[in-house]
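Student: Here is a sequence together with a model predicted from it:
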Amino acid sequence: MTMRNSLHIGRSRGNAMPYIPVLGVVQAEFVQSLDTQIIENVLHFKPDGLPDPTEMAELGAYLAAWWNTSMKIHQPTVQSLTVIKLTDLSSAISPVVTYGTGMPIAGTNASPALPNNCALCITKRTALRGRSYRGRYYFGALNEASVTANVVSPGLTSGVVSALNLLRSFSTASADWTMGVISRYFEKNPRPAGIYTPITSHDTDGIVDSQRRRLPRRGA
């Protein structure tokens, strides 16, 4: 799954850099426990208007139900979704909603988990080319029954890709949502405002990847 994205830009030469807004976009952080280690996946969603806390709470409920139906079957029992943090990226003081109803949601795959760093890299694709219009989702944890040498089984790869594709476009009670990729920098320079591009597909090469920061004592 994607490495944790910071909501606040760090410091450069002792001066705080300005916040880079992404107007109308909600960031969803899936906070999980993997064999006692905290890991995260980050996705971005845009409603058909400007988001408000009610819509964000509805989004949290929808994503929790999606995880419960489409993702936990691929996760080992040592992994649980513990909370979903939803942040309106429109400004540095926009609303934040934390959704935790019905959690933790533990994985139901009985096969033993591989080490925490083992992951399946899913590429987020849009209709445009270039680094600003691509993203990655690092699915973890992998389990023994789904990996042969360095190759993830087609059953798991197709299952995860299909699950993510379900989030490309959907509706909650108050809004229609699309999932996309955001870019705050171009050629290492900050943009005045971030850009959002809808995702058109997901794919993977099915090769085991690594997220070293997910190992015990490394940090999320």
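Tutor: Structure's in. What do you need?
Student: who's in contact with the longest helix along the chain?
Tutor: What stands out as the longest helix in the chain, according to DSSP state H, is helix 53-66. Helix 53-66 is touched from outside by 26, 28, 30, 45, 47, 51, 81, 84, 86, 88, 95, 97-99, 101-103, 105, 163, 166-167, 170, 172-175, 177, with contacts defined as CB atoms under 8 Å, 6 or more residues apart in numbering. Where you see a C-beta, it was placed from the backbone N, CA and C, and this is true even at glycine.
Student: Test my guess that residue 164 contacts residue 120.
Tutor: No. Here residue 164 does not reach residue 120: they are 11.1 Å apart, not a contact under CB atoms under 8 Å.
Student: any idea how far the spatially most central residue of the chain is from residue 148?
Tutor: The chain has residue 42 as the residue nearest its centroid, 2.6 Å off, counting by CA atoms, centre = their mean. Using CB to CB, to the nearest Å, residue 42 is found at 29 Å from residue 148.
Student: separation between residue 209 and residue 52?
Tutor: From residue 209 to residue 52 the distance is 37 Å (CB to CB).
Student: Pick out whichever of those two has more residues nearby.
Tutor: residue 209 (19 against 16; other CB atoms under 10 Å).
Student: secondary structure class for the more buried one?
Tutor: Following DSSP: H, G, I helix; E, B strand; the rest coil, the label given to residue 209 is strand.
Student: Contact partners for it?
Tutor: Applying CB under 8 Å, 6+ apart, one finds that residue 209 lies in contact with 118-121, 138.
Student: how about 10 Å then?
Tutor: 117-122, 136, 138-140, 142, 150, 152 (CB atoms under 10 Å, 6 or more residues apart in numbering).
Student: try residue 140
Tutor: 1, 32, 34, 39, 41, 75-76, 79, 113-120, 209-211, 214.
Student: which parts of the longest helix of the chain are buried?
Tutor: Residues 55-64 are the ones in helix 53-66 that count as buried (16 or more other CB atoms under 10 Å).
Student: which one of those is nearest residue 157?
Tutor: Distance to residue 157 across those (CB to CB) is lowest for residue 63, with 21.4 Å.
Student: State the distance from that closest one to residue 123.
Tutor: In terms of CB to CB, residue 63 sits 21 Å off from residue 123.
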